[in-house]
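Asker: Sequence isn't available, so here's the structure alone:
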Ligand SMILES: [Zn+2]
């Protein structure tokens with residue numbers, strides 16, 4: 001944060017900086033070992049963010065910025081915002097085939113669910129889910145590569161019909177696509 005903030009023309013080391021990370025998804029849980037207990041001071045459920053703001057505000061009472069200065073920095077930060085690039089295949093040196101294909105069961109975590117007419121069915125636990133493929137599509141874009149064709153989709157989700165793959169990809173609401181029908185390439189929505 002400090003090094004990337006240098007571009008804003010402010011001497012950040014002169015100011016106290018409080019790190020806070022709020023988890024918007026209530027299902028996310030952070031687990032650390034005892035050597036990383038400090039994480040719990042920074043990372044919290046969204047509901048606790050207000051309380052932490054207040055605690056930080058009570059701790060630092062001296063006014064360091066003019067409102068106009070804060071507004072300017074706020075605009076600059078908003079403008080500099082970048083979506084994270086989650087290209088984990090690069091970071092972990094993953095190669096084609098390292099990520100097992102198939103739709104992961106959201107109930108028991110097993111591969112691979114079977115596609116019935118309009119729903120996914122788990123052969124291991126009997127769980128059924130309509131949108132289980134959405135997580136698998138995300139896995140493809142995060143762990144395999146940034147594009148997906150109809151054929152790759154059929155192989156990755158274990159579905160046979162071109163029509164089924166197309167419906168799953170277009171209805172997932174997380175993808176954009178370009179190219180004509182047969183050569184269409186799908187990418188993650190910006
Ligand atoms: Zn299952």
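Answerer: Arrived safely. The shown structure was predicted, so the numbers you read here are calculated from the model rather than taken from an experiment.
Asker: could you point out which element follows the lengthiest helix in the chain?
Answerer: Using DSSP state H, we find that the single longest helix of the chain is helix 67-80. Remark: after helix 67-80, the chain's next helix or strand is helix 88-91, criterion DSSP states H and E.
Asker: which parts of that following helix are buried?
Answerer: Across helix 88-91, burial judged by 16 or more other CB atoms under 10 Å covers residue 89. For the C-beta atoms, the positions are set from N, CA and C on the backbone; glycine is no exception.
Asker: Got the confidence number for residue 177?
Answerer: pLDDT, residue 177: 93.
Asker: wait, I meant residue 5
Answerer: For residue 5, pLDDT reads 44.
Asker: what's the answer for residue 9, then?
Answerer: On the pLDDT scale, residue 9 gets 58.
Asker: try the one 3 residues further on
Answerer: Residue 12 carries a pLDDT score of 71 in this model.
Asker: Spatially central residue for the chain, please.
Answerer: residue 86 (7.5 Å; CA atoms, centre = their mean).
Asker: ok, now how distant is the residue of the chain most remote from its centre from residue 20?
Answerer: Going by CA atoms, centre = their mean, the residue of the chain most distant from its centre is residue 62, 36.9 Å out. Distance of residue 62 to residue 20, computed by CB to CB, to the nearest Å: 20 Å.
Asker: State the distance from residue 73 to the ion.
Answerer: 48 Å (CB to the ion, to the nearest Å).
Asker: err, residue 176, not the other one
Answerer: 30 Å.
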